[in-house]
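*Asks:* got a structure for you, letters missing:
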């Protein structure tokens, strides 16, 4: 279960356009080295490292040491947890309403067929 604080970290991380673009690149190219990722942006390497720190703190990026470089991977689990937190609550409501509508339609069809 994702906590309120964890959600705040994820939303904060996703609030910056550069960080979202970084996540898009990591989704497209899992295992991208930090240097390769940095070349895609017109900002300093220090800025890239600061953005990565925010993404890692939110749990959206996982880094693995590979010799002298770090390989980066998107971790979409926190986003999925937020999605499930909101959608599960509403999908249960809509599923019960759809079941009600289905039963009402079936009952009306049976009534019409019996006449």
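*Replies:* Arrived safely. Remember, predicted model here, so these are calculated numbers, not experimental data.

*Asks:* which parts of the worst-scoring helix or strand of the chain on mean pLDDT are buried?
*Replies:* The helix or strand of the chain with the poorest confidence is helix 77-114; it has a mean of 81 (mean pLDDT, DSSP states H and E). Burial within helix 77-114, assessed by neighbour count using 16 or more other C-beta atoms under 10 Å, is assigned to 78-79, 81-82. Bear in mind the C-beta positions are built from the backbone N, C-alpha and C, glycine included.

*Asks:* could you do stretch 38-49 as well?
*Replies:* Neighbour-count burial for stretch 38-49, counted by 16+ other C-beta under 10 Å, picks out 38, 48.

*Asks:* which residues does that stretch contact?
*Replies:* Contacts to stretch 38-49, defined as C-beta atoms under 8 Å, 6 or more residues apart in numbering, come from residues 18, 21-22, 25, 34-35, 37.

*Asks:* now do the end-to-end distance for that stretch.
*Replies:* Stretch 38-49 has an end-to-end distance of 9 Å (criterion: C-alpha to C-alpha, to the nearest Å).

*Asks:* same deal with stretch 9-19?
*Replies:* End-to-end distance of stretch 9-19: 13 Å, with C-alpha to C-alpha as the criterion.

*Asks:* now do the SS call for residue 30.
*Replies:* Put simply, residue 30 is coil when judged by DSSP: H, G, I helix; E, B strand; the rest coil.

*Asks:* so what's it closest to, chain neighbours aside?
*Replies:* In this structure, residue 30 finds its nearest non-sequential neighbour in residue 73, 5.2 Å apart by C-beta to C-beta, 6 or more residues apart in numbering.

*Asks:* got phi/psi on the one you found?
*Replies:* The phi and psi values for residue 73, taken as degrees, to the nearest 10, are phi -140, psi 140.
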